[in-house]
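*Asks:* Just to be clear, the model below is a prediction. Sequence and coordinates:
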Amino acid sequence: MRLTGYAHGGGCACKIPPGELEDVLSGLGVAAEPRSELVVGLATGDDAAVVTRGGTTVVSTADFFTPVVDDPFDWGRIAAANALSDVYAMGGTPLVAVNLLCWPRDVLPYDLAREVLRGGAEIAAQADCHLGGGHTVDDPEPKYGMAVTGIADPGRLLRNDAGTPGVPLSLTKPIGLGVLNNRHKATGEVFPEAIATMTALNAEASRAALERGVRCATDVTGFGLLGHLFKLARASDVTAVIDASAVPVLDGARASLAAGYVPGGSRRNLDWVAPHTDFTGADEHIRILLADAQTSGGLLVAGEIPGAPVIGELVPRKEKTLIVKA
């Protein structure tokens, strides 16, 4: 049974569009500055919440989505790696996770659900993160992910509002996951490199960033490279310059893009960032690829770390928040 056929979208591409989400959150009346114990909250749209109390600093997040691949075990692994990534993106260490599973029990057999959970458990074990149960809902559309709690050093957090001019930007995983997953959903073709990328933990990249004194980072998921970079640059009051030719791209992604396998979420991402971006010289394919909705993508680091290509830099604030050099 093809799991992706039971989902209206795949992976992080099924997120509520960023512009619409910000409109919803703007009506909550949340103070611009977090309470003293809430070190990182809603104000900058960071990857996870961070709270310090009684000498302990806790990182908390939740992430789940519809099937991004047809293999249930792989889907479980991808969703778990993606949820854990939010903790790594804050410079934290995952401590305990609980499963979040929505399942159409009258449509899909429980054997598939078991495989999804087994995949999640394998990744949690790989991350040395305890898995302590979870929550299930009878839902017409299958969804899976985790709520994750981690710990961190409050003096060594990775935040999206700590960027400074003159710092290089590095990316730890190639992009193109959105178009490849969309092609998989449409044709059933399997892309092993994409699966390997999505199931790879961002733990090592997070540790490397902290060891080198990096203080600004985010992960690249459903809002695409440009969407997450826009949030980082806006929160840090800087402009980000991207060299499109330096951005690593998965094999087959450009061909899939040219063939029209573009998730709706990628186009919505582009629509959101376009008014804030100088795209001089960048054609439509480059723009969509840079805005492509990723699932369990890499860390975008304001600094240099081993093995991660430098794809741009942060500069003093200009008229546009993002500048793309083709």
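*Replies:* Cool, got the structure. Numbers count the residues shown, from 1 in each chain.
*Asks:* can you pull out the helices in the stretch 101-250 of the chain?
*Replies:* Per DSSP state H, counting those that start in this stretch, the stretch 101-250 of the chain carries helices over the ranges 110-126, 177-187, 192-199, 203-211, 224-236.
*Asks:* Which elements pack onto the longest one?
*Replies:* Secondary-structure packing of helix 110-126 (3 or more C-beta pairs under 8 Å, 6 or more residues apart in numbering; DSSP states H and E): helix 72-89, strand 93-103, strand 130-138, strand 143-151. To be clear about C-beta, it is placed using only N, CA and C from the backbone, and glycine gets the same treatment.
*Asks:* Quick one: residues contacting the residue nearest the centre of the chain.
*Replies:* The centroid of the chain falls nearest to Thr221 when counting by C-alpha atoms, centre = their mean (2.4 Å). Contacts for Thr221 (C-beta atoms under 8 Å, 6 or more residues apart in numbering) come out as 12, 82, 85, 228, 293-297.
*Asks:* Identify the farthest-apart pair in the residues you listed.
*Replies:* Farthest-apart pair in those is Ser85 and Ala293; separation 14.8 Å (C-beta to C-beta).
*Asks:* more crowded one of the two?
*Replies:* Ala293 (34 against 30; other C-beta atoms under 10 Å).
*Asks:* tell me the secondary structure for that one?
*Replies:* Following DSSP: H, G, I helix; E, B strand; the rest coil, the label given to Ala293 is coil.
*Asks:* is it true that it touches Lys15?
*Replies:* Yes. Using C-beta atoms under 8 Å, Ala293 and Lys15 qualify as a contacting pair, with a distance of 7.4 Å.
*Asks:* anything in contact with each of the two?
*Replies:* Common neighbours of Ala293 and Lys15 (C-beta under 8 Å, 6+ apart) are 222-223, 265.
*Asks:* From Ser256, how far off is Gly265?
*Replies:* Note on Gly265: its distance to Ser256, by C-beta to C-beta, to the nearest Å, is 15 Å.
*Asks:* Between the two, which is the more surrounded one?
*Replies:* More crowded of Gly265 and Ser256, by other C-beta under 10 Å: Gly265, with 28 against 23.
*Asks:* residues making contact with the strand or helix carrying Asp23?
*Replies:* Per DSSP states H and E, Asp23 falls inside helix 18-26. Outside helix 18-26, the residues that touch it by C-beta under 8 Å, 6+ apart are 15-16, 42, 45, 223, 227, 268-269, 271-272.
*Asks:* and that helix with helix 224-236, angle?
*Replies:* Relative orientation of helix 18-26 versus helix 224-236 (axes from the mean of the first three to the mean of the last three C-alpha atoms, to 10 degrees): 40 degrees.
*Asks:* how far is helix 18-26 from where the chain is centred?
*Replies:* Put simply, helix 18-26 sits 17 Å off its chain's centre (C-alpha atoms, centre = their mean, to the nearest Å).
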